[in-house]
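Asker: Any chance you could fold what I've pasted below:
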Amino acid sequence: MLHYSAPGKLVISGEWAILEVGNFGLVAAVNNRVHVFVEPESEGISITAEEFKVKDARAKFADGRLVFESLDDKSKETLKLLSMALETAVKFAGEKGHAFKPFKISTSSKDTQFEVNGELKKVGFGSSAAIVVAAISAVLDFHGCKASKEEIYKLATIAHYF
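Answerer: Numbering: from 1, shown residues only. Sure thing, here's the model as predicted:
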């Protein structure tokens with residue numbers, strides 16, 4: 001089983017200013033991390049994100065897209081960014097000559113959330129971006145595809161704006 005993690009972030013200054021070209025911001029990694037686990041699966045893809053109440057969501061790739069076998073619209077929306085990360089990573093690995101291998105992926109971002117009235121809430125530590133980076137890294141490694149930090153950054157950016 002592969003285990004990848006990525007730190008959350010805290011924007012100290014310039015959060016909105018950096019949206020305009022030429023402005024700067026000050027960002028720090030925080031001690032709270034997201035975790036991604038990838039292991040072989042017999043067929044297709046299995047996705048578990050228990051903190052979002054998604055367990056063993058079954059999917060397959062068809063025409064370069066991740067297609068869920070049976071998942072409600074709310075869960076599909078919850079998994080949208082992770083789905084884009086998986087699509088991007090598998091496509092990149094394929095372009096580099098690595099055949100698709102079925103896998104099971106599970107995520108944990110509980111460390112970047114806080115419980116409020118019995119429900120986990122995101123607090124802006126950048127867990128979505130961190131999950132994308134960790135998932136892309138793990139899936140590429142699982143497929144035997146070595147990528148540079150710059151390539152992983154670019155793939156994560158593509159997944160965010162796909």
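
Asker: From the contact counts, what lies against the host helix or strand of Lys76?
Answerer: For Lys76, the element it lies in under DSSP states H and E is helix 73-78. Judged by 3 or more C-beta pairs under 8 Å, 6 or more residues apart in numbering; DSSP states H and E, the packing partners of helix 73-78 are strand 54-62. All C-beta atoms are positioned from the backbone trio N, CA, C, and that covers glycine.

Asker: Neighbouring strands of the strand it packs on in the sheet, and parallel or not?
Answerer: Strand 54-62 pairs in its sheet with strand 45-49 (antiparallel), strand 65-68 (antiparallel), by DSSP bridges.

Asker: how about the worst-scoring helix or strand of the chain on mean pLDDT as CSV, C-alpha atoms only?
Answerer: Taking mean pLDDT, DSSP states H and E as the measure, the chain has strand 119-122 as its least confident helix or strand, at a mean of 77. Backbone C-alpha positions of strand 119-122 (Å, rounded to 0.1, in the frame of the first residue of the first chain) are rendered in CSV as follows:
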residue,chain,number,x,y,z
GLU,A,119,-20.1,17.6,11.9
LEU,A,120,-16.6,18.1,10.4
LYS,A,121,-16.1,21.5,8.8
LYS,A,122,-13.4,22.7,6.5
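
Asker: Fine by me, we can end here.
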